[in-house]
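In: Mind looking at a prediction? Sequence and model below.
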Amino acid sequence: MKFDILTIFPNSLDSYFNSSILARAQKKKLITIKTHDIRKQSTDKHHKVDDTPYGGGPGMVIQIEPVYKTLKKVYPRKNKSTRVILMSPRGKTFDQNEVKRLAKYKRLILIAGHYESIDARIDNFVDEKISLGNFVLTGGELAAACIVDAVSRLVPGVVGKEESVRDESFSQYDTVSKEFNVEYPQYTRPEIFYPNGKKSSGGKGYKVPEILLSGNHNNFKAWRGCQSRRKT
């Protein structure tokens, strides 16, 4: 799977993409992540890419020309295995069903806006728009990173154990209720946790549920099924 991110801050996500699972996936060549600096396509001597909005109003708008030129340089010819996505509050809300759909493509090109957004004429050159939810971010870079992370997890080999992906939160969707199953609570050692670190001091201890200490795997499965609540 290939990911391309068009942005005016190409280095803003380096530390995240070069850590943990995503770093290992790139090293194994299971995924590639490239950022492309929109400013490089600016004709302004100071590489300025924004201007005041027509009709007035606060803030600045990213000009369409440098964004379009960057997109054409990265993606000169359209093909069915690639999807061009604009990060936008006007887009469809991103969820696990969208993750599964996007994972079927071989390449995702993500355009990250900034300031008051990108000149709306960019809509003519993208396949779709996606929003993370009903809230505002400073720029689309974080939203693009979320898509890269979520989709990468469904690329075979990126996550070590297949069942880890299959059983995690939002991986199962009920088409009747239109709700997702959420992963059951997880526990590990110690068996009893004392916030003050001492049992003898009289402080309250927080214990792992007894059923998980029973050694009965049928009980484990039943308990986990009951704990997988639904999210509307």
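Out: Done, it's in. Numbering: from 1, shown residues only.

In: buried residues in the strand ranked longest in the chain?
Out: Among the elements of type strand in the chain, defined by DSSP state E, the one spanning the most residues is strand 82-93. Residues 82-89, 91 are the ones in strand 82-93 that count as buried (16 or more other Cβ atoms under 10 Å). C-beta: built from backbone N, CA, C; applies to glycine.

In: got a pLDDT number for Y115?
Out: At Y115, the predicted lDDT confidence score is 77.

In: Now it: closest residue in space that isn't a chain neighbour?
Out: Counting by Cβ to Cβ, 6 or more residues apart in numbering, the nearest residue to Y115 once its immediate chain neighbours are dropped is M60, at 4.6 Å.

In: Tell me how many other residues surround that neighbour.
Out: By other Cβ atoms under 10 Å, the residues close to M60 number 16.

In: got the contact list for it?
Out: By Cβ atoms under 8 Å, 6 or more residues apart in numbering, the residues touching M60 are 50-53, 115-116.

In: Compare the residues you listed and tell me which has the most neighbours.
Out: With neighbours defined as other Cβ under 10 Å, the most crowded of the contacts of M60 is D50; it has 19 neighbours.

In: returning to what we had before: average model confidence for the longest strand of the chain?
Out: Model confidence over strand 82-93, given as mean pLDDT, is 96.

In: ok, R83 - contacts?
Out: Contacts here follow Cβ under 8 Å, 6+ apart; on that basis R83 touches 102, 105, 107-109, 127-128.

In: Nearest to V148, out of the residues you listed: which one, please.
Out: L108 (7.7 Å; Cβ to Cβ).

In: pretty sure the closest one belongs to a helix, no?
Out: No: counting by DSSP: H, G, I helix; E, B strand; the rest coil, one finds L108 to be strand, located in no helix.

In: Output stretch 7-22 as CSV, nothing but the C-alphas.
Out: As requested, the backbone C-alpha atoms of stretch 7-22 are provided in CSV (Å, rounded to 0.1, in the frame of the first residue of the first chain):
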residue,chain,number,x,y,z
THR,A,7,0.9,19.3,2.7
ILE,A,8,2.6,22.7,3.3
PHE,A,9,4.2,21.1,6.4
PRO,A,10,5.9,18.0,5.0
ASN,A,11,8.0,17.2,8.1
SER,A,12,5.2,17.6,10.7
LEU,A,13,4.4,13.9,10.8
ASP,A,14,7.9,12.4,10.6
SER,A,15,8.3,11.3,14.2
TYR,A,16,5.0,9.4,14.1
PHE,A,17,5.5,7.7,10.8
ASN,A,18,9.0,6.7,11.8
SER,A,19,8.0,5.0,15.1
SER,A,20,6.5,1.7,16.2
ILE,A,21,4.3,-0.4,13.8
LEU,A,22,4.4,2.1,10.9
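
In: Done for today, thanks.
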